[in-house]
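J.: dropping the sequence and predicted coords here.
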Amino acid sequence: MYDDNGAPIRRRTRLTDEADELRYLALELETDHEAFVSRGRAPWRGLSGHDPLDDLEDEEFGERQWEDWHDGMYDEDDPERPQRRRPSGRGVDIVPPVVGDVVVRVDPAIAAAFAARQPDAEEGPSWEVDGGRVTVVGDFKVWAGNCGHCSTPFEQRRPASQRRKWRKSCSRECAKAVDRAKARERMAAQRGTDAA
């Protein structure tokens, strides 16, 4: 698993038989051959003894890691920098990032070619539907056509994943007028069948 910055998230591991064998090998090297063997999640780089981070609960370990990462955006001399109380021992191994300006330089020929291709990339396929035309623009579908009541041109936008009918009227007033006209026609047809 990786965090938002693409760095692997450190997590606790359960020891397998092979890891137990490696622990015994490390113990043998340390006792018989007086070799330094690192214990814990990261090398102690020349220190020996107990890693205080091994005693932390998973929640506290994650919280300390987040605090150290978050404190990296403050200046060391900033009075607003949080004062974290740490037990004696080593701190978290991940060094907070140094925040600075990022400068991106692009070859002008590549930028011009990209700008020339961009309108074609953003403007997707289009097709005719009842009463208008649908065009795919990025992640959206745009319907353009005339109102079914007042014939005023208008547009509608919706996410490209939606598949439902498009409105045929530009406003609620026009939609109500269309509904009233349909009701009048229906009642006139019903009166015509009743009279016959």
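T.: Everything's here; your move. Residues are numbered from 1 along each chain as shown.
J.: how about the helices of the protein, start to end?
T.: 17-32, 58-71, 108-122, 172-195 (DSSP state H).
J.: which one of those helices has the most crowded surroundings?
T.: Mean neighbour count (mean count of other CB atoms under 10 Å) peaks for helix 58-71 among those, with a mean of 14. (Glycine included, C-beta is placed from N, CA and C.)
J.: what packs against that one?
T.: On a contact count with 3 or more CB pairs under 8 Å, 6 or more residues apart in numbering; DSSP states H and E, helix 58-71 meets no helix or strand.
J.: picking that back up, nearest to residue 147, of the helices of the chain?
T.: Nearest of these to residue 147, taken as CB to CB: helix 172-195 at 5.5 Å.
J.: need the CA coordinates for that closest one. CSV is fine.
T.: Extracted in CSV, the C-alpha atoms of helix 172-195 (Å, rounded to 0.1, in the frame of the first residue of the first chain):
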residue,chain,number,x,y,z
ARG,A,172,-40.3,25.0,-15.8
GLU,A,173,-42.8,27.5,-17.3
CYS,A,174,-42.3,26.0,-20.8
ALA,A,175,-42.6,22.4,-19.4
LYS,A,176,-45.9,23.3,-17.7
ALA,A,177,-47.2,24.9,-20.8
VAL,A,178,-46.3,21.7,-22.8
ASP,A,179,-48.0,19.6,-20.2
ARG,A,180,-51.2,21.8,-20.3
ALA,A,181,-51.2,21.5,-24.1
LYS,A,182,-50.9,17.7,-24.0
ALA,A,183,-53.7,17.6,-21.4
ARG,A,184,-56.0,19.7,-23.6
GLU,A,185,-55.3,17.5,-26.6
ARG,A,186,-56.0,14.4,-24.5
MET,A,187,-59.2,15.7,-23.2
ALA,A,188,-60.3,16.9,-26.7
ALA,A,189,-59.6,13.4,-28.0
GLN,A,190,-61.5,11.8,-25.1
ARG,A,191,-64.5,14.1,-25.7
GLY,A,192,-64.4,13.1,-29.4
THR,A,193,-64.6,9.4,-28.6
ASP,A,194,-67.3,10.0,-26.0
ALA,A,195,-69.5,11.9,-28.5
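J.: reformat the helices of the chain as JSON lines; add distance to residue 145.
T.: Formatted as JSON lines, the helices of the chain follow (distance: least, CB to CB, whole Å):
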{"stretch": "helix 17-32", "distance to residue 145": "67"}
{"stretch": "helix 58-71", "distance to residue 145": "51"}
{"stretch": "helix 108-122", "distance to residue 145": "21"}
{"stretch": "helix 172-195", "distance to residue 145": "13"}
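J.: so which of the ones you listed gets nearest residue 154?
T.: Closest among the helices of the chain, once you apply CB to CB, is helix 172-195, at 9.7 Å.
J.: let me see the domain layout of this structure.
T.: 1-100, 124-188 (automatic domain parsing).
J.: next, format the helices of the chain as CSV and append mean pLDDT and distance to residue 157.
T.: Shown next, in CSV, are the helices of the chain (pLDDT from 0 to 100; distance: least, CB to CB, whole Å):
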stretch, mean pLDDT, distance to residue 157
helix 17-32, 76, 56
helix 58-71, 74, 38
helix 108-122, 83, 14
helix 172-195, 89, 18
